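>>> Sequence plus predicted model, see below.
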Amino acid sequence: MSLRTRLAAIVALAVLLVSTLVILSARELAERELEQNVDNELRQAIATVASDLRPREGGRGNRRDNRLESRRWFAQIVDRDGTIINNADDAPLLVFTADDAALFDRPLIKDRDGLDGSRIRFANVDLDGDTYRVATRAFPRGAVQVAINRGGIDTTVAGLTDRLWILVAFGALISALVGYLVANRIARPIERLASTATEVAKTRDFGQRIEVDRSDEVGKLANSFNSMLGVLEVSQEQQHRLVQDASHELRTPLTSLRTNIDLLSARGDAIPADQRNEIVADLKRESQELTNLVGELVDLATDQDAAAASPIEFDLGAVTNDIATRFGRLEDRAITVQGDHQLVVADIEAIERSIVNLVTNAVKFSPAGSAIEVVLSTDAGLHRVEVHDQGSGIPAGDEERIFDRFYRSDETRTLPGSGLGLSIVAQTAERHGGSAWAANRSPGPGALVGFSFSSLS
Ligand code: ADP
């Protein structure tokens, strides 16, 4: 069942349910009100019959009396045993029940007619296929019973309920229609959303957007959907670019590798031993660079999806000291760390990798034995890591570009490297709400390259 039909059916059902309850209580109220009127008429009639009887002497006996009926009612008089003494012409006889007889035992309380208010009871009685409202009032020597055909009440109530049911049917129909229209208004944008999602799944074109012309929940849903498409579009674009850049960058070392292998396999024996050794050394170096490049590419690609990596709390100072000690020992040079221990919450692997990349560059681009300093600080809620070296420094104008993927300054192209290290740093910083920067030390020589990040929570 569609949302429209469901909503229309629910609204119509709710209206029907509430209206049924209203009709039932209205019907009861009307019936009670009309019965009350009839009961008053019956009281009146009993008073009339009683006052007509009172002055007459010798009222006892089986005499029929015309005053025992009117157009509305008929009456009968019974003695204390329930034997009918007088009744109206052609009127059916009323039954004097045990409940009626019990009226004689009730205490006497005079009402405003001067009659006994407590000694009266009303009942609905079926007689010859009709229903009558019968009032029985006990007097000291007998009782008066008066009956009015209830048909009037029943017809009026039935007429009223019939009219109400017609109104309810109309009401339910109109509310079903309104429900349908409202559901239609809600469903249309959801359907557009669904068809766009299907379209996107089919074409993988994340550039599509849904028009949002409302600010309610459905509008918010469409907005969220558009933002999700935006994120997917950027991610798809990044992946495309990465694959394109990577295939371009991999081609050169692979060609060089293949040329050397071809050379060895075609003329291996004819090449002098020292030249052959040189070619093999080249092959080793190139395959090592290729391995590094692939490793960094994998890092970069996985880092793009690392938003899901769960951040953990760690001591930035301890992690940096570790790296400095490791590299210092390896390179046999002084790498010092300046700054306090800071507890941070972040993707520890990405932060570690970024510090390693900065230290690797500082080692690579500065003379052997020169000092390297890693400065830790905090500024405006951001944690900062900056590596100072005493090397060649960043060529003027390259401060921004060195963070681009595969970018390497002309001056450093002869050194091993992929041009990916700093883009990994920039990406990590950005993912952690920070940034990356590079500048030359002043006074020089040397570069200072760093990044900032905020603690994730
Ligand atoms: P790679 O070091 O593999 O070339 P990076 O992305 O780490 O790739 O660095 C990009 C370029 O930025 C380097 O090739 C180099 O030209 C420049 N660079 C990075 N760090 C320094 C530094 N500390 N001193 C001088 N130049 C640097």
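The structure has been received and is ready for your questions.
>>> tell me which element Leu263 falls in.
Assigned by DSSP states H and E, Leu263 falls within helix 217-267.
>>> now the angle from the next helix or strand after that helix to helix 217-267?
As assigned by DSSP H and E, the chain's next helix or strand after helix 217-267 is helix 273-304. For helix 273-304 and helix 217-267, the angle between their directions (axes from the mean of the first three to the mean of the last three CA atoms, to 10 degrees) works out to 170 degrees.
>>> So which elements touch helix 273-304?
Where contact means 3 or more CB pairs under 8 Å, 6 or more residues apart in numbering; DSSP states H and E, helix 273-304 is packed against helix 217-267, helix 421-431. For glycine as for every other residue, the C-beta is placed from the backbone atoms N, C-alpha and C.
>>> and the first one with helix 421-431, angle?
Put plainly, it is helix 217-267. 170 degrees.
>>> packing partners for helix 217-267?
Packed against helix 217-267 by the contact rule (3+ CB pairs under 8 Å, 6+ apart) you find helix 151-203, helix 273-304.
>>> How about the last one?
On a contact count with 3+ CB pairs under 8 Å, 6+ apart, helix 421-431 meets helix 273-304, helix 348-364, strand 436-440, strand 447-453.
>>> State the mean pLDDT of the first one.
I take that to be helix 273-304. Mean pLDDT, taken over the full extent of helix 273-304, equals 82.
>>> Report the distance from it to the chain centre.
With CA atoms, centre = their mean, to the nearest Å as the basis, helix 273-304 stands 51 Å off its chain's centre.
>>> any residues touching whichever helix or strand comes after it, and which ones?
The helix or strand immediately downstream of helix 273-304 is strand 312-315, counting by DSSP H and E. The contact list for strand 312-315, computed with CB atoms under 8 Å, 6 or more residues apart in numbering, reads 341-346, 348.
>>> Could you list the buried residues of strand 312-315?
Within strand 312-315, the residues that count as buried by 16 or more other CB atoms under 10 Å are Phe314.
>>> got the contact list for Phe96?
Phe96 neighbours (CB under 8 Å, 6+ apart): 78, 82, 84, 136, 143, 145.
>>> List the ones among the contacts of strand 312-315 that fall in helices.
If you go by DSSP state H, the contacts of strand 312-315 have Ile348 in helices.
>>> Let me see the contact set for Thr196.
Contacts were defined as CB under 8 Å, 6+ apart; by that measure Thr196 touches 208, 210, 225.
>>> go with 7 Å
Residues near Thr196 by CB atoms under 7 Å, 6 or more residues apart in numbering: 208, 210.
>>> Please determine how far Asn292 is located from Gly417.
8 Å (CB to CB, to the nearest Å).
>>> of those two, who's got more company?
Neighbours were counted for Asn292 and for Gly417 using other CB atoms under 10 Å; Gly417 has more, 19 against 15.
>>> For burial, what's the neighbour tally of the closest residue to the more buried one other than its chain neighbours?
Excluding the flanking residues, the one nearest Gly417 by CB to CB, 6 or more residues apart in numbering is Arg408, at 6.0 Å. Residues lying near Arg408 (other CB under 10 Å) number 19.
>>> Over to Ser377?
15.
>>> Quickly find the element holding it.
If you go by DSSP H and E, Ser377 is part of strand 372-379.
>>> Contact partners for the residue in the stretch 151-300 of the chain that the ligand sits nearest to?
Per CB to the nearest ligand atom, the residue of the stretch 151-300 of the chain with the smallest distance to the ligand is Glu296, at 7.6 Å. Neighbour list for Glu296: 418, 420-421, 424 [criterion: CB under 7 Å, 6+ apart].
>>> Looking at neighbours, which among these is most surrounded?
Top of those by neighbour number is Leu420, holding 26 neighbours under the definition other CB under 10 Å.
>>> what's it sitting at in phi/psi?
Main-chain dihedrals, Leu420, degrees, to the nearest 10: phi -110, psi -20.
>>> Over to Gly419?
Dihedral pair for Gly419: phi 80, psi 10, per degrees, to the nearest 10.
>>> Could I get the pLDDT score of it?
We have a pLDDT of 84 for Gly419.
>>> Run a quick neighbour tally on it.
19.
>>> From Phe327, how far off is it?
In this view, Gly419 and Phe327 are 21 Å apart by CB to CB.
>>> do Asp274 as well
Separation of Asp274 from Phe327 (CB to CB) stands at 34 Å.
>>> and if you look at Val385?
14 Å.
>>> of these two, who's got more company?
Using other CB under 10 Å as the criterion, Val385 and Phe327 rank with Val385 on top: 27 against 20.
>>> about what we covered before: near the ligand too, which of the contacts of Glu296?
Among the contacts of Glu296, the residues lying close to the ligand (CB under 6 Å from any ligand atom) are 418, 420-421.
>>> is it possible to export those residues to CSV including distance to Leu127?
Below are the ones next to the ligand among the contacts of Glu296 laid out as CSV (distance: CB to CB, whole Å):
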residue, distance to Leu127
Ser418, 110
Leu420, 106
Gly421, 108
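>>> Residues in a beta bridge with the closest residue to Arg121 other than its chain neighbours, which ones?
Computed as CB to CB, 6+ apart, the closest residue to Arg121 that is not its neighbour in sequence is Thr136, at 5.5 Å. Beta-bridge partners for Thr136, by DSSP bridges, are Arg121, Gln145.
>>> wait, Thr136 sits on Ala101?
No. Here Thr136 does not reach Ala101: they are 9.3 Å apart, not a contact under CB atoms under 7 Å.
>>> what about these two, which has more around it?
Thr136 (25 against 16).
>>> what kind of secondary structure is Pro445 in?
Classification of Pro445 using DSSP: H, G, I helix; E, B strand; the rest coil returns coil.
>>> and it, backbone torsions?
phi -80, psi 170.
>>> pLDDT value on Ser195, please?
pLDDT, Ser195: 89.
>>> I'd like to know how far it sits from Val95.
Separation of Ser195 from Val95 (CB to CB): 76 Å.
>>> Let me know which of the helices and strands packed on helix 421-431 is the nearest to Thr5.
Smallest distance to Thr5 across the helices and strands packed on helix 421-431 (CB to CB): 45.2 Å, for helix 273-304.
>>> Point out where the stretch 251-400 of the chain drops to low pLDDT.
Residues of the stretch 251-400 of the chain meeting the criterion pLDDT under 70: 303-309.
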